[in-house]
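Trainee: return a 3D structure for these sequence lines:
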Amino acid sequence: MKKYTIIAVAVAALLVIWGIWSASQQGGRAGESGVVSAAGGAAGAAGIVGSGGTGETSVVTVGEVQRAVTAARPGSIAITVEGPAVVEPYRELSLRSGIAGTVVLAPREGDTFESGDILLQFDGTAFRAARRQAELSLEQARVDLQRAELAVRKARSDLADRESLFASGSIPRTERDAAADALSAAVLEERSSQIRVDQSVLALETAEYNLESTEVRAPYPGVVLMAGVGIGDVVSSGTVLMTFADIGRLRVRAEVDEFDVGVIEPGMAAVITADALETETVTTTVEQISPGAQIINNISIFTVSAVVRSDQAPLRPGMSADLTVLVSDDTGLIVPSTAVSSVRGRSYLEVYENGEVVTKRVVAGTDDRRNTVILDGLSEGDLVVLPESAAFSLGIPATSGSSGSGSSGSTGSSFIPVPIPGSGGSR
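Mentor: Model (predicted):
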């Protein structure tokens, strides 16, 4: 039994060697006949097809060197960045009480209001009385100020009379000094009265603020998401009364890691998908990108947001969604990225034409790191020359001598299509 097994293995080995020799013979004759398919022989058995989804890869011979080529085919490439997202109101506020008091009017969750509408109201009886008392105190302070001003004028007049009499020798110095002291006292009283007026003004402003605070009004059109108090509740200053939000527009916030956020810019097109939308999608644009990251599981996560109108889709705050940002999208001729070389911002391709390799300057578009869209400088069907490392990865000898030299065996070939980084020149 072992004898037959050994014989079978030997026969199989001979068949493989014959297949490789036949492929090298065909490659040697390709210098005159042009293109030879790389899918033949053992490579075909390995199931290798083309490079990066472009046209079928073939081999051409330039002089005594074999080069792999692929035909440029029309197509498009889109690069997107996707992140899990949550739907939030466009604007949201936690409204707090500015005073302590009893609630006499309160909203319910889901109630909608226009800008300036009364959302909640406190009992204003005590606050109205406080304002009236502040008004009266201010009026009294102003009267006292007027009385103090009159006293100052009278004291000045008396001092002038005493100065005249003292100068003529009619009164002693003590009377003149007493008149001067009376004027000083009147001036101080006038200043004190002015301070009481200022204090009364502040007290009245506080009373008016407290009275205005008995009515909480909508800062913009919106809806009550959460009602924190009800009618009859006695609340203290600073208590959260409700959460009020503008849901006429919705903000979708997505999490994007540090590896992808660098290619996203405000204004880029974006698509929102969600379970609530089923098969529908919502098109929008990127609104903003968070300036800083949050560290989650040792990964820097940035927030990318987009805004949509609530009438565009049946979305609600708190729903989960996905935000897909279209970074780049081009249509043209597709070639392997490894075949494109860049020098000082200009892109070049090697193209097989009329039995020789020529270098063409092209305009490169979107590059997904596997394939690149060529926007200009190349025609459909042009044979793009692949780097030698790419040919090696496709199981095609990088160079070939005469058919009988056995050089194909010395160079070797790999049937595992693993691209070698950097083989396409500077990127």
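
Trainee: so how far is Asp177 from Asp144?
Mentor: Applying Cβ to Cβ, to the nearest Å, the value for Asp144 to Asp177 is 27 Å. Using the backbone N, CA and C atoms, a C-beta is placed for each residue, glycine as well.

Trainee: tell me which of those two has more neighbours.
Mentor: In this view Asp144 and Asp177 are compared by other Cβ atoms under 10 Å, and Asp144 has more residues nearby, 18 against 13.

Trainee: could you find the closest non-adjacent residue to the more buried one?
Mentor: Using Cβ to Cβ, 6 or more residues apart in numbering and skipping the chain neighbours, the partner closest in space to Asp144 is Ser193 (4.7 Å).

Trainee: can you say which helix or strand has that neighbour in it?
Mentor: In this structure, Ser193 sits in helix 173-212 according to DSSP states H and E.

Trainee: who are the packing partners of that helix?
Mentor: helix 125-168 (3 or more Cβ pairs under 8 Å, 6 or more residues apart in numbering; DSSP states H and E).

Trainee: so what secondary structure elements neighbour the helix it packs on?
Mentor: Using 3+ Cβ pairs under 8 Å, 6+ apart, helix 125-168 is in contact with helix 173-212.

Trainee: which residues touch the next helix or strand after the helix it packs on?
Mentor: Beyond helix 173-212 on the C-terminal side, the first helix or strand identified by DSSP H and E is strand 215-217. Residues from elsewhere that reach strand 215-217 (Cβ atoms under 8 Å, 6 or more residues apart in numbering): Leu95, Ser97, Gly116, Asp117, Ile118, Leu119, Leu120, Gln121, Phe122, Gly124, Leu241.

Trainee: mind telling me the two of these farthest from one another?
Mentor: Ser97 and Gly116 (19.0 Å; Cβ to Cβ).

Trainee: higher neighbour count, these two?
Mentor: The residue with more neighbours, out of Ser97 and Gly116, is Ser97; 21 against 10, by other Cβ under 10 Å.

Trainee: quick one, what contacts the spatially closest residue to the more buried one that is not a sequence neighbour?
Mentor: In this structure, Ser97 finds its nearest non-sequential neighbour in Thr239, 4.6 Å apart by Cβ to Cβ, 6+ apart. Residues counted as contacts of Thr239 (Cβ under 8 Å, 6+ apart) are Arg96, Ser97, Gly228, Val229.

Trainee: low-confidence bits of the stretch 51-200 of the chain, can you list those?
Mentor: For the stretch 51-200 of the chain, the stretches flagged by pLDDT under 70 are 51-55.

Trainee: would you map the strands across the stretch 251-400 of the chain?
Mentor: 269-273, 282-289, 294-296, 299-309, 320-336, 341-343, 346-353, 356-367, 371-376, 383-385 (DSSP state E, counting those that start in this stretch).

Trainee: okay, and which of the contacts of strand 215-217 map to helices?
Mentor: In helices, judged by DSSP state H, none of the contacts of strand 215-217 are found.

Trainee: wait, which of those is closest to Asp275?
Mentor: Leu95 (31.7 Å).

Trainee: that closest one - how many residues pack around it?
Mentor: Counted with other Cβ under 10 Å, residues neighbouring Leu95 total 19.

Trainee: pretty sure it contacts Val240?
Mentor: Yes. Contact criterion Cβ atoms under 8 Å: Leu95 and Val240 qualify, at 7.4 Å.

Trainee: wait, is Thr61 part of a strand?
Mentor: Yes. Assessed with DSSP: H, G, I helix; E, B strand; the rest coil, Thr61 lies in a strand.

Trainee: name whatever forms a beta bridge with it.
Mentor: When bridges are called by DSSP bridges, Thr61 pairs up with Gln66.

Trainee: tell me, how many residues neighbour it?
Mentor: As a burial measure, Thr61 scores 21 neighbours (other Cβ under 10 Å).

Trainee: tell me the spacing between it and Gln121.
Mentor: 91 Å.

Trainee: which elements pack onto whichever strand in the chain runs longest?
Mentor: As assigned by DSSP state E, the longest strand anywhere in the chain is strand 73-96. Using 3+ Cβ pairs under 8 Å, 6+ apart, the elements in contact with strand 73-96 are strand 222-227, strand 240-257, strand 320-336, strand 356-367, strand 371-376.

Trainee: now the angle from the longest one to strand 299-309?
Mentor: This points to strand 240-257. If you take axes from the mean of the first three to the mean of the last three Cα atoms, to 10 degrees, strand 240-257 sits at 120 degrees to strand 299-309.

Trainee: quick one: buried residues of strand 240-257?
Mentor: 241-248, 250-256 (16 or more other Cβ atoms under 10 Å).

Trainee: ok, now the fourth one?
Mentor: When burial is assessed from 16+ other Cβ under 10 Å, strand 356-367 yields the following buried residues: Val357, Lys360, Val362, Ala364, Gly365, Thr366, Asp367.

Trainee: from those residues, which two are the most distant?
Mentor: Longest span within the buried residues of strand 356-367, Cβ to Cβ: Val357 and Thr366, 25.6 Å.

Trainee: who wins for proximity to Gln133 among the helices and strands packed on strand 73-96?
Mentor: Using Cβ to Cβ, these put strand 240-257 closest to Gln133, at 26.8 Å.

Trainee: can you pull up the bridge partners for Lys360?
Mentor: Beta bridges link Lys360 to Leu349, judged by DSSP bridges.

Trainee: likewise Ile295?
Mentor: In this entry, Ile295 is beta-bridged to Ser300, by DSSP bridges.

Trainee: any idea of the pLDDT on it?
Mentor: Ile295 carries a pLDDT score of 92 in this model.

Trainee: next: the one 3 residues further on.
Mentor: Reported pLDDT at Asn298 in the predicted model: 90.

Trainee: number of residues surrounding it?
Mentor: Asn298 has 5 neighbours, counted by other Cβ under 10 Å.
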